[in-house]
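Student: Next input, structure requested:
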Amino acid sequence: MKTRILSVTLLLFLPLTPAAQTADEIVKKALDARGGVDKLKAVQTERVTGRITFSRDVEGTFVVELKRPLKMHVEISIEGQRIVRVYDGKSSGWMINPFAETKDVQPLSSEDLKNISDESDFDGPLVDYKAKGNQIELAGKENLDDKPVYRLKVTNKNGDIRFYFFDATSFLLLKWEGTRKTGGQELPWESFFSDFHEVQGLKYPFRIDQGSPGTDIKQTLTAEKFEIDPQIDDSRFTKPSQPDASAAPAPTVPPAPAGPPPSN
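Tutor: Residues are numbered from 1 along each chain as shown. Take a look at the predicted model:
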């Protein structure tokens with residue numbers, strides 16, 4: 001009997017093994033790290049402005065405007081030319097790309113429209129993920145640049161798969177990887193998030209380095225300003241006007257258009 005009591009007593013002083021994290025626990029901690037679900041969902045509009053750098057030292061500026069539900073207007077200005085991408089939040093979108101063969105306003109392709117809600121959802125794929133038709137699995141814990149990270153596998157309603165890497169200490173998003181259609185090709189794609197700052201109680205990455213591994217397609221977005229709930233008229237999300245025919249000639253190497261800086 002004394003031996004049994006001694007064994008039980010010793011067990012009380014043994015170090016506890018940390019409980020394994022579940023996918024839902026990591027999702028909650030990641031959203032709390034951003035500022036919390038309530039604050040994220042309270043935002044009605046966002047405007048992000050900054051600079052964008054492509055490979056071969058092509059530089060420009062960008063403006064991304066987002067408005068509920070799922071409305072998006074993106075402009076990238078390079079050497080006097082403007083790339084414009086617009087989505088009305090329902091079923092229609094348009095593109096102006098002066099570096100393409102057809103320079104007038106074009107409707108977004110069915111492939112673009114298929115995935116546009118992921119780009120225009122500034123809550124990110126984790127908020128209300130089940131209601132959005134997303135599936136999330138914990139794919140393991142590993143190191144990313146010598147930092148321990150949790151790797152989440154996110155499968156959206158279209159069956160597209162991305163992997164998201166969250167810092168195991170801060171639970172901020174450090175990277176996502178998946179595929180992206182560029183120039184008619186399905187390419188591997190990765191984005192790295194850094195330089196987080198708080199804006200009105202929410203944390204945003206002010207730098208995103210992204211591109212296709214093994215290719216020269218690379219771009220860096222450096223945010224200079226995040227605006228929360230600016231006044232944005234709905235006309236910004238309708239079909240854009242025809243571009244000025246007197247625009248400057250395109251640079252030698254046309255850059256790949258960038259999507260908006262994604263949130264987690």
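Student: any idea what sits nearest Gly35, other than its immediate chain neighbours?
Tutor: Using Cβ to Cβ, 6 or more residues apart in numbering and skipping the chain neighbours, the partner closest in space to Gly35 is Leu202 (3.9 Å). Where C-beta positions appear, they are placed from N, C-alpha and C, glycine not excepted.
Student: Got the phi and psi for that neighbour?
Tutor: Main-chain dihedrals, Leu202, degrees, to the nearest 10: phi -120, psi 140.
Student: How about the contacts made by it?
Tutor: By Cβ atoms under 8 Å, 6 or more residues apart in numbering, the contact set of Leu202 is Arg34, Gly35, Lys39, Leu40, Val43, Ile228.
Student: Any chance of a markdown table for the residues you listed, columns distance to Glu190?
Tutor: A markdown table is the format used below for these (distance: Cβ to Cβ, whole Å):
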| residue | distance to Glu190 |
| --- | --- |
| Arg34 | 21 |
| Gly35 | 25 |
| Lys39 | 28 |
| Leu40 | 24 |
| Val43 | 26 |
| Ile228 | 28 |
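Student: Sheet partners, orientation included, of the lengthiest strand in the chain?
Tutor: For the chain, the longest strand by residue count, based on DSSP state E, is strand 185-199. Note on strand 185-199: by DSSP bridges, its sheet partners are strand 173-182 (antiparallel), strand 202-211 (antiparallel).
Student: Mark which of the contacts of Leu202 are part of strands, please.
Tutor: Ile228.
Student: dump the residue contacts of Phe206.
Tutor: Gly50, Ser194, Asp195, Phe196, His197, Thr222, Ala223, Phe226.
Student: got CSV for these, with distance to Asp145 and pLDDT too?
Tutor: Putting these into CSV (distance: Cβ to Cβ, whole Å; pLDDT from 0 to 100) gives the following:
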residue, distance to Asp145, pLDDT
Gly50, 23, 97
Ser194, 10, 97
Asp195, 14, 98
Phe196, 15, 97
His197, 20, 97
Thr222, 19, 97
Ala223, 21, 97
Phe226, 25, 96
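Student: In JSON lines: those residues, plus distance to Leu66.
Tutor: Below are these laid out as JSON lines (distance: Cβ to Cβ, whole Å):
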{"residue": "Gly50", "distance to Leu66": "14"}
{"residue": "Ser194", "distance to Leu66": "21"}
{"residue": "Asp195", "distance to Leu66": "20"}
{"residue": "Phe196", "distance to Leu66": "19"}
{"residue": "His197", "distance to Leu66": "18"}
{"residue": "Thr222", "distance to Leu66": "18"}
{"residue": "Ala223", "distance to Leu66": "13"}
{"residue": "Phe226", "distance to Leu66": "11"}
